[in-house]
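> the following comprises the amino acid sequence and a computationally predicted model.
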Amino acid sequence: MRMPIRTALLILVFYSCGVTKPLPQDCSGFRTGRFILKIYNESGMGHWNKLTYYVTRADTLEIVTSTHFTQDTSIYRITWTGPCEYKSLLLNPKIELDSFLLQQNPTGTSHKIVKATDDYFIVKNYGRKDTIWKAR
């Protein structure tokens, strides 16, 4: 009796792992629109606890503004490399760090949407994951 239960649990685990991958049609809703990204500073270093970024995307162009750094607006060229994958290339480098990052990634930074819902998507880049919410 134990073998069928273990087998059923194993099948359930593999099935649930496959279900969490976003389907191509799930990611298409994030190619255009307005989104919000919140980054939290839990390190105690610096003078900020939370940064909010507003992202406006028009399929191949993305404009990112910050509430904390009001003069900081970044413009990126977006190139979709797959149904749920894209590269972003900074078009307006302002500081030396921006220029350095462009030299390190001359074709852009790779992003992969690893989960998508009606309200948000989780994107993986630079080895970390961020949740980006649809603006309402």
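Structure's in. What do you need?

> switch to C-alpha atoms for all contacts and neighbour counts from now on
Will do.

> would you list the phi and psi of the residue lying closest to Glu62 once chain neighbours are set aside?
Nearest residue to Glu62, sequence neighbours excluded (C-alpha to C-alpha, 6 or more residues apart in numbering): Tyr76, at 5.0 Å. The phi and psi torsions at Tyr76 (degrees, to the nearest 10) take the values phi -120, psi 150.

> list the contacts for Tyr76?
Leu61, Glu62, Ile63, Ser88, Leu89, Leu90, Leu91, Asn92 (C-alpha atoms under 8 Å, 6 or more residues apart in numbering).

> if you set the cut-off to 7 Å instead, what comes out?
Counting by C-alpha atoms under 7 Å, 6 or more residues apart in numbering, Tyr76 makes contact with Leu61, Glu62, Ile63, Ser88, Leu89, Leu90, Leu91.

> so of those, which ones are in strands?
Among these, the ones falling in strands (DSSP state E) are Leu61, Glu62, Ile63, Ser88, Leu89, Leu90.

> from these, which is closest to Val114?
Checking the ones in strands among the contacts of Tyr76 against Val114 with C-alpha to C-alpha, the nearest one is Ser88 at 16.5 Å.
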